[in-house]
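In: predicted model, plus sequence, below.
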Amino acid sequence: MIAPISLDDDWQAHPAVGDAMYSLVRDLYPICRSITGDGVRETLRLVGRHIPLTIREVATGTKVFDWMVPKEWNIRDAYVKDASGARIVDFNHSNLHVLNYSVPVHQKVSLAELKEHLFTLPDRPDWIPYRTSYYKENWGFCLSHKRYEELKEREYEVCVDSTLEDGHLTFGEFFLDGESPDEILISCHVCHPSLCNDNLSGIALSTMLAQHLSRCRRRYSYRFLFVPGTIGAITWLALNGTNVHRIKHGLVVALVGDTGNLTYKKSRRGSADVDRAVLHVLEHSGDPYNVLEFSPYGYDERQYCSPGFNLAVGSLTRTPYGKYPQYHTSADDLTLVKPGALADSFSKYLEALFVLERNSVYINQNPKCEPQLGRRGLYREMGGVADGREIELAMLWVLNLSDGGYSLLDIAERAGLPFRLVARAADLLTKSDLLKDASSIGKSDTNDVPT
Amino acid sequence: MIAPISLDDDWQAHPAVGDAMYSLVRDLYPICRSITGDGVRETLRLVGRHIPLTIREVATGTKVFDWMVPKEWNIRDAYVKDASGARIVDFNHSNLHVLNYSVPVHQKVSLAELKEHLFTLPDRPDWIPYRTSYYKENWGFCLSHKRYEELKEREYEVCVDSTLEDGHLTFGEFFLDGESPDEILISCHVCHPSLCNDNLSGIALSTMLAQHLSRCRRRYSYRFLFVPGTIGAITWLALNGTNVHRIKHGLVVALVGDTGNLTYKKSRRGSADVDRAVLHVLEHSGDPYNVLEFSPYGYDERQYCSPGFNLAVGSLTRTPYGKYPQYHTSADDLTLVKPGALADSFSKYLEALFVLERNSVYINQNPKCEPQLGRRGLYREMGGVADGREIELAMLWVLNLSDGGYSLLDIAERAGLPFRLVARAADLLTKSDLLKDASSIGKSDTNDVPT
Amino acid sequence: MIAPISLDDDWQAHPAVGDAMYSLVRDLYPICRSITGDGVRETLRLVGRHIPLTIREVATGTKVFDWMVPKEWNIRDAYVKDASGARIVDFNHSNLHVLNYSVPVHQKVSLAELKEHLFTLPDRPDWIPYRTSYYKENWGFCLSHKRYEELKEREYEVCVDSTLEDGHLTFGEFFLDGESPDEILISCHVCHPSLCNDNLSGIALSTMLAQHLSRCRRRYSYRFLFVPGTIGAITWLALNGTNVHRIKHGLVVALVGDTGNLTYKKSRRGSADVDRAVLHVLEHSGDPYNVLEFSPYGYDERQYCSPGFNLAVGSLTRTPYGKYPQYHTSADDLTLVKPGALADSFSKYLEALFVLERNSVYINQNPKCEPQLGRRGLYREMGGVADGREIELAMLWVLNLSDGGYSLLDIAERAGLPFRLVARAADLLTKSDLLKDASSIGKSDTNDVPT
């Protein structure tokens, strides 16, 4: 049997976790990632310093449901030179300058031709946009609108020294086994280049969460995926179709480093346990937060929640994608994410997972009338005072609702009490033999010895 | 298979429809209608100029459920004359002057006797009220309160030159067959005399809707009823009991010509498809509107929604009965109804019927993960931008929810998107073989060839 | 068959009931009650002057579920004397002065020792608190904080001349049989000493309600319990386990004499008929009121709603426990409760019971279309006016919804009409053979003769 009190102690975020996450973001920042290629490999190698990640490679051309694993993209250099040979757009300064997944090109072009391959943000003239062209072969450059407006009518030399060839799609996977084969999925996308909040923050949170959980006693098994967006999730699902049913709950981790409010986007199911657990934690946190209904647009919850899977996977971010000005621009840099915000996100993830871990159905062993808590030392001795202690109230709620039809989360919700208090009440009652975990009933009695 | 795109085009209101409706209202205005008699016959004859109406006649004394078809009422003249022989109340000036269904009378009466048979509106001294006495034999006159107050203490000659004799109850019916024997019922009452909004507006809308739909490709069959209120609907139901089950949706049409907001009164079921379709259209119209829960008081939805039938019949009006001052008075005249309001009501009816026509369950043929829309030309090529195009979002919603448990209307509601956009998305996906109409699955494959 | 109209007449509160209740409160006020002992016996004896109460005695040591019937407590005197022999705390002045259930003591103590056994209310320096120590043996005194602060450093003589010995737990029970063996439970606690609102008001209301109902025609049987809090309810449930299933509805009566708003605390089920009946009455009363969700804290609903019973028992009070300053203090005296408030509470109880009594399912005998109410004299003769009479509307609602799926309370709620109006409509329709009580269908036809 799980020893609940000590479990509580493990499942607390360490104060230093924000700095550790920020440090990993900083390490990963310079790498030019895409949906395939060495950028992803290097990223996973650095993550692998913290957790024993398994690296998977899937060959170009492999059929994955309606899709095909694409060619592998690698890039060494890219620039636009003016007549003087000066690099006016230079991949070495920012890997956002190249249209991600750009095919190789090396030629002279007129300004008019060049402009057909340039992308800017007129409203944010100092920032470089992030653009991709994964599924249509194209080349291009992204640059600040300020630089764009300085371009003069002349010939330019454009070069993208990339390769787009048969190779592999790479992703990382880390499995932590628990007491049960039932799994909780934690998934983040690793395909974005030098963008900190989207999604180095998610990679860092997943990594540190995996590291932390590996030290906790776990009822659930945990599967951490570090996959390129869309095609990576699709590939993983295509390769793991027979085991997907083990995933009982899941969260897509992204945008967890900015200082905006936390935002929970519900799973397609809408009131799955993971939805209720996260919302319970947010509600009782005292911090402002936002809730979004599921929509089939966003990150890899699109795939996990496709109707053929319909997994209970939500997504907990801070400011949602597209809702902060720096989104998908060069301004999503090391100044946008903050150790404190990362740590706060981390602790909310951990708390939500704690709720899922501890959320069980218990059975009141003395269902007719209240048991006499006082003679077990669980109730105050003095009568007549108006207010019960919080823990007494939690015990009365647990006893009252533990008829087999309510889980601890159901009880916490109906009682309006924080889950941890309800779980502590359940522990006290279990120790007094007034309560029994429904899943232990019928099993060996040794399970019932209080620890 | 329905060719959806061309269907869309048919199902649009013509700009001139408001004028056509108003013109019909004007033609019908002078006729003195009642629940039986030549006024109804003449009304149906004029409607029959626009649509091939079938006229039904049911003999007086026919038992219809708890009721009996009443005697037929006809009237030639009615007046109150003063001593000088001058008509101070004259049926020829307004047929509202006679208590509708008044028994014949011709006698001299004192002012006191007369006053027992006079009806006025003290609060609206210029208007003539509309009153009836169908089920208790009585004679009487309605007049302006102004005129009433001028009456002096003297003898009067009263005359109602009417007949109340065995004859028939008359109603009109128009049936339009569709691909399915399932029916949509459109019912309006034709028993009110010279009152424009109540209910010449409803007669005109039903007529023009019937005319319009006869030119559209239809999945459903349509049944239009032009019946005297209460007794007409009861009679029709009594005569058609075995076929009533074919009516899947229905609307009672009344009060559609004033300039007030549209008001939808739900069916007894409360969330039938017709309720949801109308409310969806109203919600997405951008215009203000009101919603009323069902109540067993109002027009013929009282009968269609009686517990022995419980049909999914709601009522879409503008200002509800009794809620505008001109209601059931001589001020409900040709100035109260407006071509623009009639046209707006018409287009909302048509749009709601379009939703019902196109509301099907589709099955995502590629339910595991999203299909690759890009290679089918259904998705933008450039990645990294924050917002999807509306039609892309609609396609993602249709794919995500088309698991057999959601109709297109369900999807539109959950997605918060207009139904037509969702239907268009379903069409595009169907053409790409990514979606299949659930009702066509298992049928001949020739159904699936895109048109 | 119940004769509904005369039933209506019986089920009205008498104007003098407030004074009768107040008079009983005044008679009961001086008695020192506790969970056992002669105080309870004397209380029940006085109640027995009004209703033929059955007194039950259960021996100390009897096992009742997880509890044991405790020793019997009786007290003759209690005081604290100063050196001069003057009684500075005197049980004869207020029985609240003694810690309720105090063990006997007679000794000299220092001020410091004494203070460990004194209880005061520093925020309310003039009031004596009410404190108990039922389940831990202790002695003590309650006093005003003002008196406490006057205590000087000297020796005191303390005396509690009580006995705590094997004996009995005493409670009162009154059963009124109705047409059905199904029961409605009315329970109040009788263990509090000189506190008027909590709960002499509840005792008085229960007594007068029992007296009133004994004169009414009743469908339900009624069981009135006058029990010490917690242990009394537990004891009754333990002794009556096999009959508990007969209790279909119940109310715990307490705090019904103050002038605060009525407050209804729902049963654990949350939308049981008793919950809906009380809330319907409160909503239609026009008076402000409060609603509390069930919580497993409060009065004996804690036991009745424990998961092994889960009875449909709510609690209708005025200001809830702990929410008025005089709660559990000497200020809960004869000035806090008012005859008018008692009478108002009484009438709300009676009205809620009336709803339960009359709440039946009826079947429309003419379900296809509306029946012709006019020829039965149930409907106005003049047509064209906008508003129906209230009773006509109620009849239409009853006819429309009486398909077997709606009770009269369901109908009243959906129609937004007061229950009595709906019940009267059902009576009129029943007399016209348009409606039949569902429970009478299939029984002898003699049931159907209108009375």
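Out: Yep, that arrived.
In: just the helices from chain A, written as ranges.
Out: In chain A, the helices defined using DSSP state H lie at A:4-10, A:17-28, A:38-47, A:111-115, A:145-150, A:201-213, A:231-239, A:273-285, A:301-304, A:339-358, A:390-401, A:408-415, A:419-431.
In: what's the neighbour count on A:S267?
Out: The tally of other residues near A:S267 (other Cβ atoms under 10 Å in any protein chain shown) stands at 26. Heads up, the C-betas are built off the backbone N, CA and C, glycines and all.
In: neighbours around the residue of the stretch 151-300 of chain A found nearest chain B, how many?
Out: Relative to chain B, the nearest point of the stretch 151-300 of chain A is A:P296 (3.8 Å; Cβ to the nearest Cβ). By other Cβ under 10 Å, the residues close to A:P296 number 22.
In: and of the helices of chain A, who's closest to chain C?
Out: Per Cβ to the nearest Cβ, nearest to chain C of the helices of chain A: helix A:390-401, 3.8 Å.
In: and that closest one, what does it pack against?
Out: Judged by 3 or more Cβ pairs under 8 Å, 6 or more residues apart in numbering or on different chains; DSSP states H and E, helix A:390-401 is in contact with strand A:361-364, helix A:408-415, helix A:419-431.
In: average pLDDT for that helix?
Out: On average, the pLDDT along helix A:390-401 is 96.
In: now that helix: buried residues?
Out: Buried positions in helix A:390-401, judged by neighbour count with 16 or more other Cβ atoms under 10 Å in any protein chain shown: A:391-401.
In: burial count for the residue lying closest to A:T36 once chain neighbours are set aside?
Out: Of all residues not flanking A:T36 in the chain, A:E72 sits nearest, at 4.4 Å (Cβ to Cβ, 6 or more residues apart in numbering or on different chains). Neighbours of A:E72 under the rule other Cβ under 10 Å: 22.
In: thought A:E72 was touching A:H168?
Out: Yes: counting by Cβ atoms under 8 Å, A:H168 is a contact partner of A:E72 at 5.8 Å.
In: and the stretch 1-150 of chain A, which residues reach chain B?
Out: For the stretch 1-150 of chain A, the contact set with chain B under Cβ under 8 Å from any Cβ of the partner chain comprises A:64-67, A:100, A:129-136, A:138.
In: can we see that at 6 Å?
Out: A:65-67, A:130-132, A:134-136 (Cβ under 6 Å from any Cβ of the partner chain).
In: now these as CSV including neighbour count, distance to A:G383 and pLDDT?
Out: Output for those, formatted as CSV (neighbours: other Cβ atoms under 10 Å in any protein chain shown; distance: Cβ to Cβ, whole Å; pLDDT from 0 to 100):
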residue, neighbour count, distance to A:G383, pLDDT
A:F65, 20, 66, 98
A:D66, 18, 69, 97
A:W67, 20, 69, 97
A:Y130, 25, 67, 97
A:R131, 22, 71, 96
A:T132, 24, 69, 96
A:Y134, 24, 71, 91
A:Y135, 19, 73, 83
A:K136, 13, 77, 87
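In: tabulate these (a markdown table), appending distance to chain C.
Out: What follows is the residues of the stretch 1-150 of chain A next to chain B, written out as a markdown table (distance: Cβ to the nearest Cβ, whole Å):
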| residue | distance to chain C |
| --- | --- |
| A:F65 | 45 |
| A:D66 | 47 |
| A:W67 | 49 |
| A:Y130 | 50 |
| A:R131 | 53 |
| A:T132 | 51 |
| A:Y134 | 52 |
| A:Y135 | 53 |
| A:K136 | 57 |
